[in-house]
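A.B. asks: Can you look at this prediction? I've put the sequence above it.
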Amino acid sequence: MPFSPLVGPRRCLPPRSIASVVQASKAAHFAAQGVMAGAYDIVIAAGVEVMSTTPMGASVVKDMGFPFPQAMFDRYEATGLPPQGIGADMIATEYGLTREDLDALGAESQRRAMVATEEHRFDNEIVPVPVDLGNGIEMMTTDEGIAPAPRWKRWPT
């Protein structure tokens, strides 16, 4: 049980807010670290991220801090700190990866995710959430980021 010098043993802790990309992953890592350190017996970790409605850099707000230290700018002095797409192109060029290679990898990843979904292998990892879509409540029970088969089958390979 967590211990606070002000109130003694505590049965619950306040939530922690993580304002960055891949929030669910970071939340899970924080939770696991607490359990491994013996600070917690049980932890609930979750994250919500909607990249389609939150532009990159949205967490960089005036007077709220800047997430990039000078050391990062120094490291990328020759190229500047590129956006994700340009950075991905730089990595592909450096390692000799072609568009066809990466499209094939993406299509195979989506195919595997679709098969795993159809085989219900993610069922114990996704908590059903009721969502009001304006015409009634629908239970969201699957990862909506997995492309349906017709889409990835059209990708060039």
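C.D. replies: Good, I have the coordinates.
A.B. asks: where does residue 59 land on pLDDT?
C.D. replies: Residue 59 is assigned 65 on the pLDDT scale.
A.B. asks: just the one 5 residues further on next, same as before
C.D. replies: pLDDT, the model's per-residue confidence, is 61 for residue 64.
A.B. asks: Which helix in the chain has the most residues?
C.D. replies: Secondary structure assigned by DSSP state H gives helix 99-118 as the longest helix of the chain.
A.B. asks: could you show me where the strands are in the chain, in order?
C.D. replies: Using DSSP state E, the strands found in the chain span residues 3-4, 8-9, 129-132, 137-140.
A.B. asks: Would you mind checking which of the ones you listed scores lowest on average pLDDT?
C.D. replies: Among the strands of the chain, strand 3-4 scores lowest, at a mean of 48.
A.B. asks: Tell me where this structure is predicted with low confidence.
C.D. replies: 1-24, 47-67, 149-157 (pLDDT under 70).
A.B. asks: change it to 90
C.D. replies: In the predicted model of the chain, residues 1-88, 99-111, 114, 122-136, 138-157 satisfy pLDDT under 90.
A.B. asks: could you pull out the helices for it?
C.D. replies: All helices of the chain, identified by DSSP H, fall at 23-36, 70-75, 84-95, 99-118, 149-153.
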